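# Show me the folded form of this:
(one chain, ligands or ions: 1)
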Amino acid sequence: MGIALIWCLALILIKWITSKRRGAISYDSSDQTALYIRMLGDVRVRSRAGFETERRGSHPYIDFRIFHSNSEIEVSVSARNVRRLLSFQRYLRSSRFFRGITVPNSSNILDDDYNGQAKCMLEKVGNWNFDIFLFDRLTNGNSLVSLTFHLFNLHGLIEHFQLDTMKLRRFLVMVQEDYHSQNPYHNAVHAADVTQAMHCYLKEPKLSKSLTPWDVLLSLIAAATHDLDHPGVNQPFLIKTNHYLATLYKNTSVLENHHWRSAVGLLRESGLFAHMSLENRQLMESQIGDLILATDISQQNEYLSMFRSHLDRGDLCLENANHRHFILQMALKCADICNPCRTWELSKQWSEKVTEEFFHQGDIEKKYHLGVSPLCDRQTETIANIQIGFMTYLVEPLFGEWARFSNTRLSQTMLGHLGLNKASWKGVQREQSGSGDDVDPAFEEMDSDILPQEPRLS
Ligand SMILES: [Zn+2]
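Numbers count the residues shown, from 1 in each chain. Modelled structure (predicted):
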């Protein structure tokens, strides 16, 4: 066989493998489950002149035709279109592999010393001061995989559910990879942080004595996957750019639905629970959905008033599975927005990261004349204003009720940090503006359509 022929065959093989990888992408329109819907992680925006390339980032696919016409173009989301846009993250990885480009963080080889320190940290995984940023560095960017695997083991889930550890690790690696590392905030480190916080709440006496292994399993999976494939922009942005996911989910909990459906896709792909009955797997998928959808902060008022009513009536009975699952929804909500309840050193870093993500969105909105979303304008907003509003209107009410439910040392610690951090931001605000009472007006209107998506730290 001539070299040319071999080369030709090799090319065909590579093409077949990559197309097979992409061909594996499917979208089940009957239950909206993306067997591998992925947001477009690359910025290839379509202009009149075709695709233009910008720096790689975490933007979702944006159809720029709508910005160049006077009237909005109806963007169709036929199954075919959807398929074409799916799994870009995964596609990029295989494409990089075939081009011989190594991806940073892909190596799991670490210095023994680092491994030792990471292991040491895991011994204190239930500590509220756990430094997830340090842990992420020590694990070479694999905090979500390492931490969640450890927690599965710690809670005895591997043994109880007879899990194949190879499948579990593969599932967790896929989860971690489907977070966009380019997002300043909504990345795998945030997911690891939420999972660690969830673990702390699961250990709280009221919960730990009544939770079943099933509850713990769902809670950890939901925490680890709750922002899966987050594009780094919020729901209003997806709606105003006619993103196909906004259409797919009818402009309602667009991101949360996508996180959930992506998680279901990975669960199915990994075969982690293939040994369970179909009925149990379906129950698991739906209950994970209930947990993830609860993190839609636009629904916070509804959850909070329900929580308040239960606490006022004193009728929460954790023997009741429905009540337990409601409390797990509240726990995941707390875990998701617990940044201001961490120590100042950790909390401040999160505040900076989330603001960077907001401002990045604002920059795109400015560039394409989309109208800058509240809290996203770096010219008029400050971290301090955003944080004070966020704490006042969202975090304090939620954690106040949580402390009523679970009045423990941890709850008091969290409220303590919250108070101190707010005072620190007020100090910064005073220095910047000369007055300390500015609350971002975007938070004052607790309108579910405006507020929740913008300050969303989920
Ligand atoms: Zn989140």
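
# Tell me the secondary structure at the most centrally placed residue in the chain.
The centroid of the chain falls nearest to D227 when counting by C-alpha atoms, centre = their mean (1.8 Å). Following DSSP: H, G, I helix; E, B strand; the rest coil, D227 is assigned to coil.

# Can you name the residues that contact it?
Y179, H186, H190, A191, V194, L255, H259, T295, S458 (C-beta atoms under 8 Å, 6 or more residues apart in numbering). In short, each C-beta sits where N, CA and C put it, glycine included.

# out of those, which are inside strands?
The strands, defined by DSSP state E, take in nothing from the contacts of D227.

# ChimeraX command to pick out the buried ones of the residues you listed?
Listed next is the ChimeraX selection for buried residues among the contacts of D227, using 16 or more other C-beta atoms under 10 Å:
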select :179,186,190,191,194,255,259,295,458
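
# V125 contacts M198, correct?
No: counting by C-beta atoms under 8 Å, V125 stays clear of M198, with 11.3 Å between them.

# which non-adjacent residue is nearest the residue nearest to the centre of the chain?
Nearest residue to D227 in three dimensions, chain neighbours excluded: H186, at 5.1 Å (C-beta to C-beta, 6 or more residues apart in numbering).

# Which one of the contacts of D227 is nearest to the ion?
S458 (3.4 Å; C-beta to the ion).

# need the residues of the stretch 101-250 of the chain near the ion, please.
With C-beta under 5 Å from the ion as the criterion, the stretch 101-250 of the chain meets the ion at residues D227.

# Residue in the stretch 101-250 of the chain with the shortest distance to the ion?
Counting by C-beta to the ion, the stretch 101-250 of the chain gets nearest the ion through D227, at 4.2 Å.

# Check the gap between that residue and T195 for me.
D227 is 11 Å from T195, where distance means C-beta to C-beta, to the nearest Å.

# To what extent is S305 buried, counted in neighbours?
11 (other C-beta atoms under 10 Å).

# Over to S210?
16.

# Can you identify the element that follows the helix or strand in which R404 is found toward the C-terminus?
Element membership for R404 (DSSP states H and E) is helix 396-405. Using DSSP H and E, the next helix or strand after helix 396-405 towards the C-terminus is helix 409-433.

# quick one: average confidence on that following helix?
For helix 409-433, the mean per-residue pLDDT is 96.

# what do you get for stretch 235-249?
94.

# ok, now stretch 320-328?
98.

# contacting residues around that stretch?
So stretch 320-328 is contacted by 207, 210-211, 215, 218-219, 287, 290-291, 306-307, 310, 316-318, 405 (C-beta under 8 Å, 6+ apart).

# Of those residues, keep whichever come out buried.
Buried, going by 16+ other C-beta under 10 Å: L207, S210, L211, D215, L218, S219, Q287, D290, L291, F307, H310, F405, out of the contacts of stretch 320-328.

# now, which of these lie within helices?
L207, D215, L218, S219, Q287, D290, L291, F307, H310, F405 (DSSP state H).

# any low-confidence regions in the protein?
Filtered on pLDDT under 70, the chain yields the residue ranges 1-111, 435-458.

# From the domain annotation, what segments belong to each domain of it?
16-98, 110-332, 337-458 (automatic domain parsing).

# Quick one: the helices in the stretch 151-300 of the chain, in order.
157-160, 165-177, 188-202, 205-208, 213-225, 235-240, 244-248, 254-270, 278-293, 300-313 (DSSP state H, counting those that start in this stretch).

# pull the CA atoms of the second one into PDB?
Okay, so that is helix 165-177. Only the C-alpha atoms of helix 165-177 are listed here, as PDB (Å, rounded to 0.1, in the frame of the first residue of the first chain):
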ATOM      1  CA  THR A 165     -15.700   3.300  40.700                       C
ATOM      2  CA  MET A 166     -14.400   3.500  37.100                       C
ATOM      3  CA  LYS A 167     -17.800   4.600  35.900                       C
ATOM      4  CA  LEU A 168     -18.200   7.000  38.800                       C
ATOM      5  CA  ARG A 169     -14.800   8.600  38.000                       C
ATOM      6  CA  ARG A 170     -15.600   8.800  34.300                       C
ATOM      7  CA  PHE A 171     -19.000  10.400  35.100                       C
ATOM      8  CA  LEU A 172     -17.300  13.000  37.400                       C
ATOM      9  CA  VAL A 173     -14.600  13.700  34.800                       C
ATOM     10  CA  MET A 174     -17.300  14.400  32.200                       C
ATOM     11  CA  VAL A 175     -19.200  16.600  34.600                       C
ATOM     12  CA  GLN A 176     -16.100  18.600  35.400                       C
ATOM     13  CA  GLU A 177     -15.200  18.900  31.700                       C
END
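
# Start the count at 139 instead of 1 going forward.
With the count now opening at 139, the last piece we talked about shows up as helix 303-315.

# Show me the contact partners of that helix.
227-228, 231, 280, 282-283, 286-287, 290, 296, 326, 329, 362-363, 366, 401, 404-405, 407-410.

# Now with 7 Å, please.
When contacts are defined by C-beta atoms under 7 Å, 6 or more residues apart in numbering, helix 303-315 is touched by residues 227, 280, 282-283, 286-287, 290, 296, 326, 362-363, 366, 404, 407-410.

# With the first one instead?
Judged by C-beta under 7 Å, 6+ apart, the contacts made with helix 295-298 from elsewhere in the structure are F290, L301, T303, L306, P351, V354, L355.

# Show me what counts as buried in that helix.
In helix 295-298, counting by 16+ other C-beta under 10 Å, buried: L295.

# Pull the distance from it to the chain's centre.
Its chain's C-alpha centre and that of helix 295-298 lie 25 Å apart, by C-alpha atoms, centre = their mean, to the nearest Å.

# May I have it exported as PDB, CA atoms only?
Output in PDB follows, covering the C-alpha atoms of helix 295-298 (Å, rounded to 0.1, in the frame of the first residue of the first chain):
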ATOM      1  CA  LEU A 295     -22.600   5.600  48.600                       C
ATOM      2  CA  ILE A 296     -20.200   3.500  46.500                       C
ATOM      3  CA  GLU A 297     -20.800   0.500  48.600                       C
ATOM      4  CA  HIS A 298     -24.500   1.100  49.300                       C
END
